[in-house]
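Colleague: need the 3D shape of this:
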Amino acid sequence: MRRRVKLGLIIIVALALVACATFQQNTYRTLYTAGTSYDTAMTTVSTFQKQGLISTAQREEINKLANIYYVAYHASVDAFEAYKLSTTSSNEEKVISSMTSMFSRWKDFASYVNRLRPGTLAPDLAEVDK
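Modeller: Numbers count the residues shown, from 1 in each chain. Okay, here's the model as predicted:
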């Protein structure tokens, strides 16, 4: 009986660790994609401005939207760092909530850039890594 209880506890802990690792791996990948997407987008926007394809006023608006996204990205990174220190369900929810906000901010940013230069950015971050 005692052996079954120990085995049961070991299985529960192992499953929890696997679930935790999966969440962490997915979060790392998503944040990597989010950061890389931002860098690539801003390089592209800079190229457009240098080529005269967007105006200074348009670039300023892009920069405003990009900054809002960038702040949301860093809020997600901070939430994830807190989660790694204390892997509670509350901290996991904070990571998910902050990433949801980040995805929304990307849509706003990409939508504006795509209105100026159609097809430049993926409309959703999830589409970037496919």
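
Colleague: Three-state assignment for the residue nearest to A41 when sequence neighbours are not counted, please.
Modeller: With sequence-adjacent residues excluded and distances taken as Cβ to Cβ, 6 or more residues apart in numbering, A41 is closest to L121, at 5.5 Å. Quick note: C-beta positions are derived from backbone N, CA and C, even for glycine. Here L121 is recorded as coil under DSSP: H, G, I helix; E, B strand; the rest coil.

Colleague: how many neighbours does T88 have?
Modeller: Neighbour count for T88, taken as other Cβ atoms under 10 Å: 11.

Colleague: let me know the pLDDT of it.
Modeller: T88 is assigned 91 on the pLDDT scale.

Colleague: isn't the residue nearest to A41 up against T43?
Modeller: No: L121 is beyond contact range of T43, at 11.6 Å (criterion: Cβ atoms under 8 Å).

Colleague: separation between the residue nearest to A41 and K50?
Modeller: 18 Å (Cβ to Cβ, to the nearest Å).

Colleague: ok, those two, which is more surrounded?
Modeller: Legend: neighbour count by other Cβ under 10 Å for L121 and K50, higher for L121 (22 against 9).

Colleague: now the helices for the chain?
Modeller: With DSSP state H as the criterion, the chain has helices at 2-50, 56-85, 89-116.

Colleague: so which of these is nearest L125?
Modeller: helix 89-116 (4.9 Å; Cβ to Cβ).

Colleague: now that closest one: buried residues?
Modeller: If you call a residue buried by 16 or more other Cβ atoms under 10 Å, then helix 89-116 has these buried ones: 91-92, 94-95, 98-99, 101-103, 105-106, 109-110, 112-113, 116.

Colleague: stretch 31-42 too?
Modeller: L31, A34, S37, Y38, A41, M42.

Colleague: check contacts around K84.
Modeller: Q24 (Cβ atoms under 8 Å, 6 or more residues apart in numbering).
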